[in-house]
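J.: any chance you can model this:
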Amino acid sequence: MFGMDLGSLDVGIVIVNWNTRDLLRRCLKSLLASQGVDLAVCVVDNNSDDESADMVASEFPQVHLIRNTRNAGYPAANNQGLMWLGFDDPHLRPGSADGAARYALLLNADTEVPIDALSKVIAFADAHPGIGVVGPKLVKPDGSLDRACRRSFPTPIISFYRLTGLAELFPNSRRFGRYNLTYLDEDRVAEVDSVVGAFMLVRREAIMEAGLLDEAFFMYGEDLDWAYRMKSGGWKVYYYPEVVVTHVKRASSRQNPRARVEFWRAMEIFYQKHYAAETPLVIHWLILAAVRFKMWLMRWQIRLDA
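T.: Down below sits the predicted model:
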């Protein structure tokens, strides 16, 4: 893959890793067995202490490896990979044959990709030029749906339904079930607000218009924000369950207590960026109070667990 014209590729893939060596090995083996696509893979290791980076260097020399000396977070590390793949080139214009691959794929290290998954999602995107983002059906190892693989944007009212438990009580309701779109048939193609960064195929032109991931996020929320910016630019986001990918889910985050705080911090960042200016003042302060209380509670629980 080294020395290849990146602009001639179908897809440039970024995998951010933190202490998931064995899962990463399985992910790379499945990915490199893909058929019907020209690809390049970049692994960005966020200063793992489980010899993940050494494993990649020794077992997968065809993969480009970036070794960070600290945990830079998910969006920052993904941006490193996207930049290596050329998706930050300010001279690249839609339709250009130089620079970056036709698509970028953000992929989690705890996924396993079927041999025809990439060719299928790319063919689907190719057939629909207005699509900027595609995500497959993600299933956990037990076969159950990873509900995060198709989502609505967390508007204040949708977040309220989730936080109050109404989304869980009435999952089939088109009003209350919007957070994870639980009222939709999980095996039907659907236009959605966002898919999850565990497997997020993004058209090159959409990236050129929206820019890279927002590094104000550390983990969580950055994929929602990216999809929001692309949809604001007129691109469509699709859930494509014709492809099924296994996702262990939270293989890295469960090792890091900070993740519990970062989920709520991401919610505040997303809210402040996209909804705060249009929210009535009283509701605005109620939202901030609720989110910041959750962050305080998570920090308190972390201290108790230490």
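J.: which parts of this structure are strands?
T.: Assigned by DSSP state E, the chain shows strands spanning 11-17, 39-45, 64-67, 103-108, 111-112, 131-139, 190-192, 199-203, 236-247.
J.: what segments of this structure are helices?
T.: Listed in chain order, the helices of the chain (DSSP state H) span 21-32, 52-59, 74-84, 117-127, 156-163, 166-169, 204-210, 222-232, 258-274, 281-305.
J.: could you dump these into a markdown table with mean neighbour count added?
T.: (C-beta placed from N, C-alpha, C; glycine too.) Output for the helices of the chain, formatted as a markdown table (neighbours: other Cβ atoms under 10 Å):
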| stretch | mean neighbour count |
| --- | --- |
| helix 21-32 | 19 |
| helix 52-59 | 18 |
| helix 74-84 | 23 |
| helix 117-127 | 19 |
| helix 156-163 | 17 |
| helix 166-169 | 16 |
| helix 204-210 | 21 |
| helix 222-232 | 22 |
| helix 258-274 | 19 |
| helix 281-305 | 13 |
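J.: just the pLDDT for the most centrally placed residue in the chain.
T.: The chain has residue 197 as the residue nearest its centroid, 0.9 Å off, counting by Cα atoms, centre = their mean. The score at residue 197 is 95. That number is its pLDDT.
J.: residues touching it, list them.
T.: By Cβ atoms under 8 Å, 6 or more residues apart in numbering, residue 197 lies in contact with 74, 78, 106, 108, 222, 223, 226.
J.: and the residues you listed, which two are furthest apart?
T.: Within the contacts of residue 197, 108 and 226 form the most distant pair, 15.0 Å apart (Cβ to Cβ).
J.: who wins for proximity to residue 67 among the helices of the chain?
T.: Comparing those by Cβ to Cβ, helix 52-59 comes nearest, at 5.0 Å.
J.: against residue 294, how distant is residue 304?
T.: Note on residue 304: its distance to residue 294, by Cβ to Cβ, to the nearest Å, is 16 Å.
J.: right, I mislabeled it, should have said residue 73
T.: Here residue 73 is placed at a distance of 20 Å from residue 294 (Cβ to Cβ).
J.: same question, residue 66
T.: Distance of residue 66 to residue 294, given as Cβ to Cβ: 33 Å.
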